[in-house]
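A.B. asks: Based on what follows, work out the 3D shape:
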Amino acid sequence: MVRYTLNTALGAAALSLLLVASAADARKKKPVVPPPPPPAPAQKWVFVPWKPTPPNNASPHFVTPAVGADGLRVSVNRNISPAQATWNLRSGYNVAALNCLEPKHAQIVINYRAFLRTHAKALRATNLKIDSEWRGKYGASFVRNREKYMTEVYNRFAMPPTLSSFCDAALAVSIDAKAVKLGALDRFAATSLPSLEIVFDDFYKRYDQYKADLALWETKWAGYTPGTNILVPVTSPLAMADTRTTAQ
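C.D. replies: Here you go, the predicted model:
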């Protein structure tokens, strides 16, 4: 029979406690493995659209006229006297005869010469009446003011971005003018001058749309190279707005 002394029992108990403590310490020191990072979001190739350009190759610095209280663009050809409207139509006709040089517009010159011959007397009277109107408004300095105004009229009709469309409209007016009776020139101008103005109104509308499109492009694509593909997360607003490509 084996006899255990008190010291032996105490030693065994101490060893057991040491083993338990060692096991507990081992559990405490076990490294904690962090969870794996979330997978990167799927990506998508997105095409950076070309930057909007001004219509008709116009200057990017062009400023469109304001819209008046009547809902129409402010223009040298609006809110004028009947005599001034007739003279402005003649001026537009003159610009067309000098600048509309494409073969399809060749009839303008022929029609313009006939127009001047047929309505020579009425045009002289119109010119004198306009002088009287300007003199009444500006006094002795009326010539300078009238010439300044007429320069604006000519420049408007000769605007490069609208010249092609203007020539088409002027050709139509020149054909209609052949049927105008003597004494009916003011009535003809009252309906024909607005038909020329439509050319400019249409251009201004398209130019304003270009400015709006450009502002939107700058907001969305500023900093990216137009005409290139960029890789963005599928959750990016750029990707969600693009429907032409698929996630990679």
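
A.B. asks: Just give me the longest helix of this structure.
C.D. replies: helix 185-221 (DSSP state H).

A.B. asks: for it, packing partners?
C.D. replies: Under the contact criterion of 3 or more CB pairs under 8 Å, 6 or more residues apart in numbering; DSSP states H and E, helix 185-221 touches helix 82-99, helix 120-138, helix 163-177. (Glycine included, C-beta is placed from N, CA and C.)

A.B. asks: hmm, who's touching the second one?
C.D. replies: Put plainly, it is helix 120-138. 81, 83-84, 86-87, 90, 116, 142-143, 145-146, 182-183, 185-186 (CB atoms under 8 Å, 6 or more residues apart in numbering).

A.B. asks: mind checking the SS state of the closest residue to residue 93 other than its chain neighbours?
C.D. replies: Distances taken as CB to CB, 6 or more residues apart in numbering place residue 112 nearest to residue 93, at 5.4 Å, with adjacent residues excluded. Secondary structure of residue 112, reduced to three states by DSSP: H, G, I helix; E, B strand; the rest coil: helix.

A.B. asks: what's the burial count for residue 112?
C.D. replies: 20 (other CB atoms under 10 Å).

A.B. asks: before we move on, the earlier item: so which of the helices and strands packed on helix 185-221 has the densest surroundings on average?
C.D. replies: helix 82-99 (a mean of 21; mean count of other CB atoms under 10 Å).

A.B. asks: Now for this structure, the helix or strand with the poorest mean pLDDT.
C.D. replies: helix 6-28 (a mean of 55; mean pLDDT, DSSP states H and E).

A.B. asks: where in this structure is pLDDT low?
C.D. replies: Across the chain, the ranges flagged by pLDDT under 70 are 1-30, 241-248.

A.B. asks: let's go with 80 and repeat that
C.D. replies: Scanning the chain for pLDDT under 80 picks out 1-33, 40-41, 240-248.

A.B. asks: Name the residue closest to the centre of it, please.
C.D. replies: residue 210 (1.0 Å; CA atoms, centre = their mean).

A.B. asks: show me the contacts for that one.
C.D. replies: Residue 210 is in contact with 52-55, counting by CB under 8 Å, 6+ apart.

A.B. asks: do the same with residue 184
C.D. replies: Applying CB under 8 Å, 6+ apart, no residues contact residue 184.

A.B. asks: I'd guessed residue 88 sits against residue 153; true?
C.D. replies: Yes: with contact defined as CB atoms under 8 Å, residue 88 reaches residue 153; the gap is 5.4 Å.
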